[in-house]
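> Coordinates for the following, if possible.
(chains A and B)
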Protein chains: 2
Amino acid sequence: MSEEDIEQLRSRFAREAMALMERTGEEVTRTRLAAELKIARARLDAVFPDEGDMLEAITGEWFAPKIEVMDEVMASGLPPRRKMYEFFARRFIMLRQNFRDDPATFNLYVEMGERYFEYAQSYIDLADHMLCELIAEAQADGHLPGMDVDLARSVINQMVSTYLMPYNIAMLGDRLSEDKLALIIDAIFDGLDAKDGGARGTGTLGAA
Amino acid sequence: MSEEDIEQLRSRFAREAMALMERTGEEVTRTRLAAELKIARARLDAVFPDEGDMLEAITGEWFAPKIEVMDEVMASGLPPRRKMYEFFARRFIMLRQNFRDDPATFNLYVEMGERYFEYAQSYIDLADHMLCELIAEAQADGHLPGMDVDLARSVINQMVSTYLMPYNIAMLGDRLSEDKLALIIDAIFDGLDAKDGGARGTGTLGAA
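Have a look, this model is predicted:
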């Protein structure tokens, strides 16, 4: 098989594995998938030499539509504030829809995401890289003044994490909304900066 | 037994149950606790008529020190911005210490917190009530202009949720810090308000 053939089979088998998980509500193994697809185990092994290869392919399929919307947003001509909102909101809307369509499968992916966190790392790094670009664009417009880009990335991810982390989306449900996310993005653009605004103070409960 | 005696026993047995969970890494039942304490099951049943009563008492013991620091902060004469920082930071520092001291037990409490969420509701309501007071104080000082108090409460809880939700504290570890939390609180005081800052826009990717 050519590289390209293998790539197509990886994607196809990963999607079959996901369909199987949706049906059974359980994590899938290569043995189970081979039985389900009625194909020789050797054929599956040629595509996924070990279980990790299958999990990696499943992770890729899970992230593919999220990467696609992020790419679209980054390529848009929107101003930074609007762009950052869409960058988070479009993934949130997609995740919320995934959850509403099938909460049990969504929770299975959340659990798998915790167990196989390593496979998600490159996608998280990619999203972080795009967010850093967005921060640079915002700073060119006078927002986030004086902030180290990496610090800004970390703090912004924390401020919107209820809209990004699947676990939080499952837990918080209808308490999350586009309107609230927009208020958070506006607070980032209007209130987040490098200077000490006085919140931390001395760390004592004295009024001084 | 008097009401007071029962209250003392509830608290003592709940703490014994927590010590047992720390030792075994497993959720505890009344049967197991009676065996461990070498007391008659009937004696335990007099204090905890059903399993839920024990879980409720354990939840109370878990929240007691958090309520205590919140009360201290609310009673301090700090200005609103400092007060809100301490309101969240002191609980975060306590939770982080709990996690560092014993990650396995911490994760057990996280799981139990998800399963027995109902018992935590009154404590969450109490914390929310205090936060609403803090928001009113902030508004009296000109912050969070025009915001509905309940909307502000919800959005603020979301912005700092990585510092409050035990699951997030376990997941994010050293990526959380007092300095970053202070930046978030400053962004709340300097950038969060009722007016549409333009983040949401029209919801399309057009530049208009």
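> Now the particular helix or strand that has residue A:138 in it: buried residues?
Under the criterion of DSSP states H and E, residue A:138 resides in helix A:117-140. Residues A:119, A:120, A:123, A:127, A:130, A:131, A:134, A:135, A:137, A:138, A:139 are the ones in helix A:117-140 that count as buried (16 or more other Cβ atoms under 10 Å in any protein chain shown). (C-beta placed from N, C-alpha, C; glycine too.)
> Go through these and say which is closest to chain B.
residue A:138 (11.4 Å; Cβ to the nearest Cβ).
> tally of neighbours for the nearest residue to the closest one once chain neighbours are set aside?
Nearest residue to residue A:138 in three dimensions, chain neighbours excluded: residue A:80, at 4.1 Å (Cβ to Cβ, 6 or more residues apart in numbering or on different chains). For residue A:80, the count of nearby residues is 22 (other Cβ atoms under 10 Å in any protein chain shown).
> quick one: residue A:80 and residue A:142 touch, right?
No: judged on Cβ atoms under 8 Å, residue A:80 makes no contact with residue A:142 at a distance of 9.9 Å.
> show me where pLDDT drops low in chain A?
A:203, A:206-208 (pLDDT under 70).
> quick check: domain ranges of it?
Following automatic domain parsing, one finds the domains of chain A at A:1-49, A:56-191.
> Export those to TSV and append columns for distance to residue B:104.
Formatted as TSV, those follow (distance: least, Cβ to Cβ, whole Å):
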stretch	distance to residue B:104
domain A:1-49	23
domain A:56-191	15
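> Any idea which of those gets closest to residue B:57?
Residue B:57 lies closest to domain A:56-191 among the domains of chain A, at 24.2 Å (Cβ to Cβ).
> Now for the residue of chain A found nearest chain B, how many residues are close by?
Residue nearest to chain B within chain A: residue A:191 (1.9 Å; Cβ to the nearest Cβ). Applying other Cβ under 10 Å, we find 23 residues neighbouring residue A:191.
> could you list every residue that touches it?
Residues near residue A:191 by Cβ atoms under 8 Å, 6 or more residues apart in numbering or on different chains: B:186, B:187, B:188, B:189, B:190, B:191, B:192.
> Three-state assignment for the fourth one, please.
Pointing back at residue B:189 there. Per DSSP: H, G, I helix; E, B strand; the rest coil, the local secondary structure of residue B:189 is helix.
> where do the helices sit along chain A?
Taking DSSP state H as the criterion, chain A contains helices spanning A:3-24, A:30-37, A:41-47, A:51-75, A:80-101, A:103-115, A:117-140, A:149-159, A:166-172, A:178-191.
> For the fifth one, name the packing helices and strands.
The reference is to helix A:80-101. helix A:51-75, helix A:117-140, helix A:166-172, helix A:178-191 (3 or more Cβ pairs under 8 Å, 6 or more residues apart in numbering or on different chains; DSSP states H and E).
> same thing but 10 Å
If you count contacts as 3 or more Cβ pairs under 10 Å, 6 or more residues apart in numbering or on different chains; DSSP states H and E, helix A:80-101 packs onto helix A:51-75, helix A:103-115, helix A:117-140, helix A:149-159, helix A:166-172, helix A:178-191.
> do the longest one as well
Helices and strands touching helix A:51-75, as assessed by 3+ Cβ pairs under 10 Å, 6+ apart, comprise helix A:3-24, helix A:30-37, helix A:41-47, helix A:80-101, helix A:103-115, helix A:117-140.
> Next: the third one.
Using 3+ Cβ pairs under 10 Å, 6+ apart, the elements in contact with helix A:41-47 are helix A:3-24, helix A:30-37, helix A:51-75.
> Pull out the buried residues from the shortest one.
If you call a residue buried by 16+ other Cβ under 10 Å, then helix A:30-37 has these buried ones: A:30, A:33, A:34.
> do the same with the last one
Across helix A:51-75, burial judged by 16+ other Cβ under 10 Å covers A:53-63, A:66, A:69-70, A:73-74.
> got the contact list for stretch A:9-25?
Residues from elsewhere that reach stretch A:9-25 (Cβ atoms under 10 Å, 6 or more residues apart in numbering or on different chains): A:1, A:26-30, A:32-37, A:39, A:43-44, A:46-48, A:53-62, A:64, A:101-102, A:104-109, A:112.
> burial count for residue A:180?
Counted with other Cβ under 10 Å, residue A:180 comes out at 17.
> Over to residue A:152?
So residue A:152, with other Cβ under 10 Å, has 25 neighbours.
> which residues does it contact?
A:131-132, A:134-136, A:138-139, A:143-144, A:146, A:188, A:192-194, B:183.
> could you redo the last one with a cut-off of 8 Å?
A:135, A:144, A:192.
> Also residue A:108?
A:21, A:25, A:26, A:27.
> What's the ChimeraX syntax to select whichever of those are buried?
The ChimeraX selection below is limited to those of those classed as buried (16+ other Cβ under 10 Å):
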select /A:21,27
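> Most widely separated two among the contacts of residue A:108?
Going by Cβ to Cβ, the pair spanning those furthest: A:25 and A:27, at 9.3 Å.
> hang on, the earlier thing: can you list the helices and strands packed on helix A:41-47 in TSV and add distance to residue A:94?
Putting the helices and strands packed on helix A:41-47 into TSV (distance: least, Cβ to Cβ, whole Å) gives the following:
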stretch	distance to residue A:94
helix A:3-24	15
helix A:30-37	26
helix A:51-75	6
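> ok, the residue nearest to residue A:186 when sequence neighbours are not counted - contacts?
Nearest non-adjacent residue to residue A:186, counting by Cβ to Cβ, 6+ apart: residue B:197, 3.1 Å away. Taking Cβ under 8 Å, 6+ apart, we find residue B:197 in contact with A:81, A:182, A:185, A:186, A:189, A:190.
> Appreciated, that's everything.
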